[in-house]
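# build the 3D model from these lines:
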Amino acid sequence: MSLTSRIRDKNIWLVYGAIFSVGIAYGLSIAIIPLFLDAHGFGKAAMGGLAAIFASGICLLSLPMGRILRRFSAKGTLVACLLGYAVCVSTFPFLKTFAAVSAARFFDGAFSVGVWVSCETVLLARAGKENKAFVTSLYAMSLAIGYVIGPILSKAIVAAFRFEAAFVLAGIIALVATGIATRLDGGIGGHEDEPREESPKGDVAPLSVDTERPLAWRTKTSLFATFAYGYFQSSAVLFLPLYLMKERGVAEKDTILVTAFFALGMLLFSNVAGKLGDKYGHLAVMRNLSAIGFLCVASFVFLSRFSLMCATVFVVGATLASISPVSLALQGAITKRHEIARANAIYNTFYAAGMLIGPPLSGMVFERIGGRTMIFHFSLLWLAFAIFATVFAKDDPAARRPTRAEV
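Numbering: from 1, shown residues only. Got it, this is the predicted structure:
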């Protein structure tokens, strides 16, 4: 069965196109942000602080994003946030003060979470019940292709021109993504996407901490997964290149490619992980991927050849990065259609919380104890998730399906 026959909704394909384009923009900028900051005299603590400011933008906008989508729809929110991101990324290298750089990173995070929640709301609202991990895995692959292309472009641009050119190109590509988003159908994620009538015992209620807490508890395994991924991804992207340069003697130009190997692993395996999740249960697949990722991350400090390091980063991307779309699909399987925007907002809040806590804590560990310890503490995080996913295995609806003996 071809992809077009399995996914007929044009809105899903438009989301893929938009996230692929903005993925290139992300890859262009993320690959050189630590190098740019290091070249301009920012220390590890300052870098961790800027990453925390970026994450705080995500945190502060995540929960309200559910209400924003209800008011303005996924299309309107996505277009506005892509425009905002384009401005932030293209002006970033021209800002001179720490306060200005901090403001740019904050709004970068705020607009980014709007992009993610909008895209994910469209996908989960339009994907079939038995097709969610397949659809979200293709979303992750579209993003990953962008992440692979972005760092490669970034390396070539920095070698031929300057850092500024890569950031400006990222802004231009984000504008291309904006143009794609304008072709989405209106209304997705808005009031018209919710049930006409509500039961007194239904799940729809005024948004508050009390109404969000039960939804968060039902989706807790997805929330832990996205927290761990946010913590790991934001910390590793920031400090792994510096660890390789400072403690392992890897050339600066080669560290740019580490992001590409991570994304390539995600690209090649996300769809496989999605199919396995749809067939055997999302949480079971996530548990196994995290266990493999734990072993790979822990082994990284014992490698001496850069080629082996890249191979390990590739496997880490194939396992740990593939958890992200599967965890999103698990959330979609647990929640009802009218809960999707709220659930996505909570989901991205936990992702942002990981990004907020991870870089400052990882930077402190790196600076005070060393890079090896920092790598080991990454691995322990994924071991903790594997244990958590085992304890709460029944959270996955697939684990509660009746066996043949029970039918």
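# residue 83: how many residues sit nearby?
Neighbour count for residue 83, taken as other C-beta atoms under 10 Å: 16. For every residue, glycine as well, the C-beta is placed using N, CA and C.
# in the chain, what helix or strand scores lowest on average pLDDT?
In the chain, no helix or strand scores lower on mean pLDDT, DSSP states H and E than helix 3-6, which sits at a mean of 62.
# just the helices in the stretch 251-400 of the chain please.
Taking DSSP state H, counting those that start in this stretch as the criterion, the stretch 251-400 of the chain contains helices spanning 252-280, 282-299, 306-316, 322-334, 340-368, 371-391.
# so can I have CSV of those helices showing mean neighbour count?
Below are the helices of the stretch 251-400 of the chain laid out as CSV (neighbours: other C-beta atoms under 10 Å):
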stretch, mean neighbour count
helix 252-280, 21
helix 282-299, 22
helix 306-316, 18
helix 322-334, 28
helix 340-368, 24
helix 371-391, 18
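# re the thing from before, which strands or helices does the next helix or strand after the least confident helix or strand of the chain pack on?
Following helix 3-6 in sequence order, the next helix or strand is helix 10-30 (DSSP states H and E). On a contact count with 3 or more C-beta pairs under 8 Å, 6 or more residues apart in numbering; DSSP states H and E, helix 10-30 meets helix 44-91, helix 98-126, helix 132-160, helix 163-181, helix 252-280.
# buried sites along the second one?
Within helix 98-126, the residues that qualify as buried by neighbour count (16 or more other C-beta atoms under 10 Å) are 101-102, 104-126.
# spit out the contact partners of the spatially closest residue to residue 218 that is not a sequence neighbour.
Leaving aside its sequence neighbours, residue 218 sits nearest to residue 334 (C-beta to C-beta, 6 or more residues apart in numbering; 5.6 Å). Shown in contact with residue 334 (C-beta atoms under 8 Å, 6 or more residues apart in numbering): 218-219, 222, 343, 395, 397.
# try 10 Å
Contacts for residue 334 (C-beta atoms under 10 Å, 6 or more residues apart in numbering) come out as 215, 218-222, 282, 343, 395-397.
# out of these, who's the most crowded?
Comparing those by number of neighbours (other C-beta under 10 Å), residue 282 comes first, having 34 neighbours.
# just give the closest residue to it, not the sequence neighbours.
Distance criterion C-beta to C-beta, 6+ apart; nearest residue to residue 282, sequence neighbours excluded, is residue 330 at 3.8 Å.
# give the contact list for the one you found.
Residue 330 makes contact with 132-133, 136, 219, 221-222, 225, 277, 281-283, 285-286, 323, 395-398, according to C-beta under 10 Å, 6+ apart.
# how far away is the residue nearest to residue 218 from residue 53?
Distance, residue 334 to residue 53, using C-beta to C-beta, to the nearest Å: 32 Å.
# likewise for residue 399?
The gap separating residue 399 from residue 53 is 39 Å, by C-beta to C-beta.
# in terms of neighbours, single out the busier of these two.
More neighbours surround residue 53 than the other of residue 399 and residue 53, with 20 against 13 (other C-beta under 10 Å).
# distance of that one from residue 385?
Taking C-beta to C-beta as the measure, residue 53 falls 26 Å from residue 385.
# in stretch 152-162, what's buried?
Across stretch 152-162, burial judged by 16+ other C-beta under 10 Å covers 152-155, 157-158.
# that stretch - what's its average pLDDT?
Averaged across stretch 152-162, the pLDDT comes to 76.
# now it, how far from the chain's geometric center?
Relative to the mean C-alpha coordinate of its chain, stretch 152-162 is positioned 25 Å out (C-alpha atoms, centre = their mean, to the nearest Å).
# what do you get for stretch 372-392?
Counting by C-alpha atoms, centre = their mean, stretch 372-392 is centred 18 Å from the centre of its parent chain.
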